[in-house]
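In: Kindly return the folded structure for what I paste below:
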Amino acid sequence: MVQRIWEDFLKIAKEEAGSRVVETWFKAVSLYEWDAMNKVAYLRAPNAFVKDWISSNYTGLIQLHLSRLLNVDNVKVILLDGGKKKKTVKGNGVACGDDDQEVTTLVPAKLDRPKTALIKKGYPKKRCHINANFHFDNFVVGPSNSLAKAAAQAITEKPGTLYNPLFIYGESGLGKTHLLHAVGNSIKKKNKNLSVLYQTADRFVNEFINAIRFDKIHRFQVKYQNVDVLLIDDIQFISNKEQTQEAFFHIFNVLYDSHKQIVFSSDTFPKNISGLAERLRSRLSCGLVTDIHTPSLETKVAILKKKAQVQNEELPDDIAYYIASSVDSNIRELEGAFIRVTAFATLTGQQLTIDLVKKVLRRVQENKKKTVETDDILKCVSKYYGFNSDDLRSKKRKKELSFARQVAMFLMKKFMSKSLRDIGACLGGRDHSTVLHAIEKIEKHEGKSSTFRIVVKKMEKDLFS
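Out: The predicted structure is shown next:
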């Protein structure tokens, strides 16, 4: 019975608090006993961290819905930590912990720096995740990235004392990740005693969630609070993740106060990352903030030449300039075009000539002619739904206008190389979760309505005519 009651509660909590809260917190908790005579529900949390957080943030939610599900007015809820025994209830509400604890609403436990002894005993050496192929020597410098590269290289001389934290931002595929790995490799080479850890933000989030669910939060703290250099890639992915931000905030403070080097990368300026707590936002930008732009034609040619040199390939100037001018977006696609060309020549046994390159990259050139801009999509949507571009960019939420705006988001994602965050910025500064919801809604509607599918096809035809 108690298992079924708790499963029903999880469904309700998912609707009210969201699936992320349920996956992170409530699924780690179990309802293991219901004392009908005394109207007491006993919950068990895997550790004190989960217990304290739920008590601080979800007391009302638990009491309200367990009372309804158990058909009892003002059910008393006792939330215990791991193997703690039951205790006598002292008043209404959620009781937590041992017999000497008062029945109070607790605040989340601060992630204190663990003792050094714990690092030496019982904890395996951590993986640093550094890619050995990325160095400063093979990072091609140009006007678009010279400051970012210089700053990254400078911090390797005295980690933690200069430009701390270092925040590098720019669009995808421009070399931010390369620089983070180069920092790690350089520091490891200069001082093998320093602990260096590279981590993507999404992997950090997943690791934090698993640490909570499997009662390994202390191990998680030890891992991150005791590195000498922490490199976090795509930090924007912790936006709208309140609990993860709380954990990272304390990790940041411990490292910063200990003069440990911290480096971040992001697709946007710190102040433009939506869904980020203000105190964390200010810490991200308290050091040096520098950006990387789209490289110039000359820089792209230099990158191709460098790539060819590494692979012992001969790349004539005319071919290098043609490939560089064919790719407008980023370095990753530029290198992809180079690989495609050289692979085709090698596999077919043909000499690398400008005619062969044009043939291989013909599809790239065709796609280049078919690209659409933001204004093109807004004008097209405006034509079909009767709103102007300013309306679509506005904060207005009229039902018909909101639907037209969602269609615009759908088309931008389909035909433009923009991130969800960039699309949201184009349409009134909306966050990426709003854009994702809009795209999913339009995709479902397109699948269900043949009439709407026809409209979408007409709009797409107009965009490329």
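
In: okay, and the helix or strand of this protein with the least pLDDT?
Out: helix 116-120 (a mean of 38; mean pLDDT, DSSP states H and E).

In: Beyond that helix, next helix or strand please.
Out: From helix 116-120 onward toward the C-terminus, using DSSP states H and E, the following helix or strand is helix 146-155.

In: I'd like the next helix or strand past that next one.
Out: From helix 146-155 onward toward the C-terminus, using DSSP H and E, the following helix or strand is strand 166-169.

In: Can you spell out which helices and strands pack onto the helix or strand following that following strand?
Out: Along the chain past strand 166-169, the next helix or strand (assigned with DSSP H and E) turns out to be helix 176-190. In this structure, helix 176-190 packs against helix 146-155, strand 166-169, strand 196-200, strand 229-233, strand 261-266, with contacts taken as 3 or more C-beta pairs under 8 Å, 6 or more residues apart in numbering; DSSP states H and E. The C-beta positions use only the backbone N, C-alpha and C, and glycine is treated the same way.

In: what's in contact with helix 176-190?
Out: Here helix 176-190 makes contact (C-beta atoms under 8 Å, 6 or more residues apart in numbering) with 128, 130-136, 139, 148-149, 152-153, 155-157, 159, 168-170, 194, 196, 198, 229, 231, 233, 261, 263, 265-266, 292.

In: Select only the buried ones of those residues in ChimeraX?
Out: The ChimeraX selection below is limited to those of the contacts of helix 176-190 classed as buried (16 or more other C-beta atoms under 10 Å):
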select :128,130,134,136,139,148,149,152,153,155,156,159,168,169,170,194,196,198,229,231,233,261,263,265,266,292
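
In: Can you report how many residues lie near the closest residue to L230 other than its chain neighbours?
Out: Nearest-residue entry for L230: I262, 5.1 Å, with adjacent residues in sequence omitted and distances by C-beta to C-beta, 6 or more residues apart in numbering. When neighbours are counted by other C-beta atoms under 10 Å, I262 registers 23.

In: I262 against N253, yeah?
Out: No: with contact defined as C-beta atoms under 8 Å, I262 does not count as touching N253 (10.7 Å).

In: Relative to N57, which of the helices and strands packed on helix 176-190 is closest?
Out: strand 229-233 (25.2 Å; C-beta to C-beta).

In: Tell me the helices and strands packed up against that closest one.
Out: Helices and strands touching strand 229-233, by 3+ C-beta pairs under 8 Å, 6+ apart, are helix 176-190, strand 196-200, helix 201-213, strand 261-266.

In: how close does R397 sit to M412?
Out: 19 Å (C-beta to C-beta, to the nearest Å).

In: Between the two, which has more neighbouring residues?
Out: Higher neighbour count among R397 and M412: M412, with 25 against 8, using other C-beta under 10 Å.

In: Please state the backbone phi and psi of the more buried one?
Out: Dihedral angles of M412 (phi, psi; degrees, to the nearest 10) stand at phi -60, psi -40.

In: Quickly find the element holding R340.
Out: Counting by DSSP H and E, R340 is found in helix 331-348.

In: Can you name the next helix or strand after that helix?
Out: From helix 331-348, the next helix or strand downstream (DSSP H and E) is helix 354-360.

In: Pull out the buried residues from that next one.
Out: By neighbour count with 16+ other C-beta under 10 Å, helix 354-360 contains the buried residues L356, V357, V360.

In: tell me which of these is nearest to L378?
Out: Of these, the one sitting nearest to L378 (C-beta to C-beta) turns out to be V360, at 34.5 Å.

In: which residues does that closest one contact?
Out: Residues in contact with V360, defined by C-beta under 8 Å, 6+ apart, are R340, V341, F344.

In: Let me see the domain layout of the chain.
Out: 2-96, 146-291, 297-369, 374-464 (automatic domain parsing).

In: Show the average pLDDT along the shortest one.
Out: Spelled out, that is domain 297-369. Mean per-residue pLDDT for domain 297-369: 82.

In: And for the longest one?
Out: Averaged over domain 146-291, pLDDT sits at 91.

In: Between the two ends of that domain, what distance do you get?
Out: 10 Å (C-alpha to C-alpha, to the nearest Å).

In: coming back round to it: run through the neighbouring helices and strands of the helix holding R340.
Out: Short answer (3+ C-beta pairs under 8 Å, 6+ apart): helix 331-348 packs on helix 297-310, helix 317-326, helix 354-360.

In: Show me which parts of stretch 434-447 are buried, residue by residue.
Out: The neighbour-count check on stretch 434-447 (16+ other C-beta under 10 Å) flags T434, V435, A438, I439, I442, H445, E446 as buried.

In: In helices only, show me those.
Out: Cross-referencing these against helices under DSSP state H gives T434, V435, A438, I439, I442, H445, E446.

In: Which of the residues you listed sits closest to R20?
Out: Checking these one by one against R20 (C-beta to C-beta), the nearest turns out to be T434, at 15.5 Å.
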